[in-house]
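**Student:** Kindly generate the corresponding structure for this input.
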Amino acid sequence: MSSTKARARSQAGAGKTSNTRLEDNANLEGVGSIGENYGTIIVNRGPPNETQSQQPLAHSVALKYRADRDEQERLIRQHLTNHRASRRPIVFFIHGEESQHVDGFVQRLGLEMIRRHLRAINGTDQVEWKNVSWPRGGGRTAEDAERIAVYKDSLTGELEIMNGSAAAIAERIALYRRPVVLSSVHRQVVDEDDEPTVRAVLEMWASLPDLRTELSLIIIVAMIYADLGRGFMSRFLSRPKTSTLALKLAKFDGYRPNQLKAVVLPELSDVSLEEVEHWVRNVLRPPDIEDALRRVREVFGAKRAPLPMVALEKHLEALAPTDRPRLRLQ
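**Tutor:** Numbering: from 1, shown residues only. Purely as a prediction, here's the structure:
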């Protein structure tokens, strides 16, 4: 056959799709020309390996912190989605007692949840994550600039800029070319008023010029309630009254809506048995699910009352296999 006719046959068959299947041990010599003439070749590898299809999620240090907080995570996803077309900052306030492992939840957001949701929104899970020191409350007569001096100094250091002007901050955020996540964790001090500091920091972010791209600045502020001296066991036996800090933070939900998006999430509260069972079935995915559920139910006891994360942490960690592959994002 002449080369001209061979080329004609090749061009005529280029748009066809072949149903040909090749076994794993088939001779794949010349596969390039076959694909050129007949389209994609499907290699039949037989039925999927059952153990591979049932593999659990990758293990990370934050795995145990995924046993609860579904309501907070749902609200974060909702607000990020609604805010995706905005060039204004979005600020999330997280709050709760130390026994609820507030830092662990912040780590879970930064390493996993926010990245996963941004991938769904923007098609990328790359973020620039910075930790910014939160300032103390300051005196009652302190000016706003004095209250947030520590915050701005830490912020300029993390962003590696010479000054903390609004224009310089906005320009630096644009240069990262990916969403910037700024997280701060603050422990409440008894008899210190945090409300003016929160307002001063929000006013600072409200003064920022429009960012160059949409959903490019996410700010997480986590606040741990002051320890009022209750005994360790008393924390499990009775629920305290609503924290004064929680009441103050509630005032800032929706603050300055035209300049920024401020979201005060529900308090991180005790974890229910139902939440942990959901974690076992959908996140942990152990090889012996009934054994794992039995061990979880034993932790909650006969009354099955909700427990703080500090009482659950070691039990949840014990359920996670130590040989599980590490999470890629860590």
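
**Student:** So residue 208, which state does it fall into?
**Tutor:** coil (DSSP: H, G, I helix; E, B strand; the rest coil).

**Student:** Could you list which residues are in contact with the nearest residue to it once chain neighbours are set aside?
**Tutor:** Computed as Cβ to Cβ, 6 or more residues apart in numbering, the closest residue to residue 208 that is not its neighbour in sequence is residue 166, at 5.0 Å. (C-beta placed from N, C-alpha, C; glycine too.) Contact partners of residue 166, counting by Cβ atoms under 8 Å, 6 or more residues apart in numbering, are 204, 207, 208, 209.

**Student:** Neighbours of residue 128, how many?
**Tutor:** If you count neighbours by other Cβ atoms under 10 Å, residue 128 ends up with 18.

**Student:** typo on my end, residue 73
**Tutor:** Residue 73 has 20 neighbours, counted by other Cβ under 10 Å.

**Student:** One more: residue 98?
**Tutor:** For residue 98, using other Cβ under 10 Å, the count is 16.

**Student:** So what does the residue nearest to it when sequence neighbours are not counted have for phi and psi?
**Tutor:** Nearest non-adjacent residue to residue 98, counting by Cβ to Cβ, 6+ apart: residue 224, 5.3 Å away. Dihedral pair for residue 224: phi -100, psi 130, per degrees, to the nearest 10.

**Student:** wait, is residue 116 part of a helix?
**Tutor:** Yes. Checked against three-state DSSP, residue 116 lies within a helix.

**Student:** how close does the nearest residue to it once chain neighbours are set aside sit to residue 84?
**Tutor:** Distances taken as Cβ to Cβ, 6+ apart place residue 125 nearest to residue 116, at 6.7 Å, with adjacent residues excluded. Counting by Cβ to Cβ, to the nearest Å, the separation of residue 125 from residue 84 is 15 Å.

**Student:** same question, residue 311
**Tutor:** With Cβ to Cβ as the criterion, residue 311 and residue 84 are 37 Å apart.

**Student:** Looking at the two, which one has more neighbours?
**Tutor:** Set residue 311 next to residue 84 and count neighbours by other Cβ under 10 Å: residue 311 wins out with 17 against 14.
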